[in-house]
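Need the 3D shape of this:
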Amino acid sequence: MSAKLASAHHHRHDARAFVHEVTVACEMRGLRLTEIRRQVLELIAGSEKPVKAYDLLDRLKDDRSNAAPPTVYRALDFLIDNGFIHKLQSINAYVSCHHPSVEHHVPFLICDECESATEVCDGRVARLLVEQAKALGFQSRAQTLEVHGVCKSCVGK
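Numbers count the residues shown, from 1 in each chain. The predicted structure is shown next:
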């Protein structure tokens, strides 16, 4: 596939800029980015690979000794529902979204060796799935496409 048609993003980016972009998006949409939501977002954005909920909880307890699973899950639900993070169902982990201001569905390439997640930014994939579903009389509500394998870096090891 040509780079002109699709782009891919490894989940390593400027965490501070990402959190700022989400903050601006919340203000524009009239959403409340509470302190706990911001902390969870910062932890996910600052991670080099997908993060599990209980790892987030452990990290939060450093600052908030009273942090509990429902608190983390409510923050994650808010962030997912508003398109700021993605949940990788197959590994039950979370990654920040590279386009938090735009509603979209993207497939992920997940490396089984290093646990990296690459977001494939190509709207054709989501459109094709919706078209196929419609052709079969299926009304889709959500999409999660995760492809497991070995990334370019790990293949060379």
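
Which strands or helices does the helix or strand hosting residue 70 pack on?
Taking DSSP states H and E as the definition, residue 70 sits inside helix 69-81. Helix 69-81 is packed against helix 35-45, helix 53-60, strand 85-88, strand 93-96, with contacts defined by 3 or more C-beta pairs under 8 Å, 6 or more residues apart in numbering; DSSP states H and E. Using the backbone N, CA and C atoms, a C-beta is placed for each residue, glycine as well.

So which bits of the second one are buried?
Going back to what we said before, that points to helix 53-60. Residues of helix 53-60 classed as buried under the neighbour-count rule (16 or more other C-beta atoms under 10 Å) are 53, 56-57, 59-60.

now stretch 59-78
Buried, per 16+ other C-beta under 10 Å, within stretch 59-78: 59-60, 67, 71-72, 75-76, 78.

Pull the residues that contact it.
With contact meaning C-beta atoms under 8 Å, 6 or more residues apart in numbering, stretch 59-78 is reached by 31, 34, 36-37, 39-41, 43, 53-54, 56-57, 85, 87, 94.

Now with 10 Å, please.
Outside stretch 59-78, the residues that touch it by C-beta atoms under 10 Å, 6 or more residues apart in numbering are 26, 31-44, 46-47, 51, 53-58, 84-85, 87, 94.

Apply the buried test to the residues you listed and list what passes.
Buried among the contacts of stretch 59-78 (16+ other C-beta under 10 Å): 26, 31, 33, 36-44, 46-47, 51, 53, 56-57, 84-85, 87, 94.

burial of the spatially closest residue to residue 125 that is not a sequence neighbour, as a residue count?
Nearest residue to residue 125, sequence neighbours excluded (C-beta to C-beta, 6 or more residues apart in numbering): residue 107, at 5.3 Å. Residue 107 sits with 20 neighbouring residues when counted by other C-beta atoms under 10 Å.

tell me the phi and psi of residue 107?
phi -80, psi 160 (degrees, to the nearest 10).

contacting residues around the nearest residue to residue 29 once chain neighbours are set aside?
In this structure, residue 29 finds its nearest non-sequential neighbour in residue 82, 7.4 Å apart by C-beta to C-beta, 6+ apart. The neighbours of residue 82, taking C-beta under 10 Å, 6+ apart as the test, are 22, 25-26, 29, 31, 33, 37, 97, 100, 103.

Quick check: the two most widely separated of those?
Among the contacts of residue 82, the pair separated by the greatest distance (C-beta to C-beta) is 37 and 103, at 18.6 Å.
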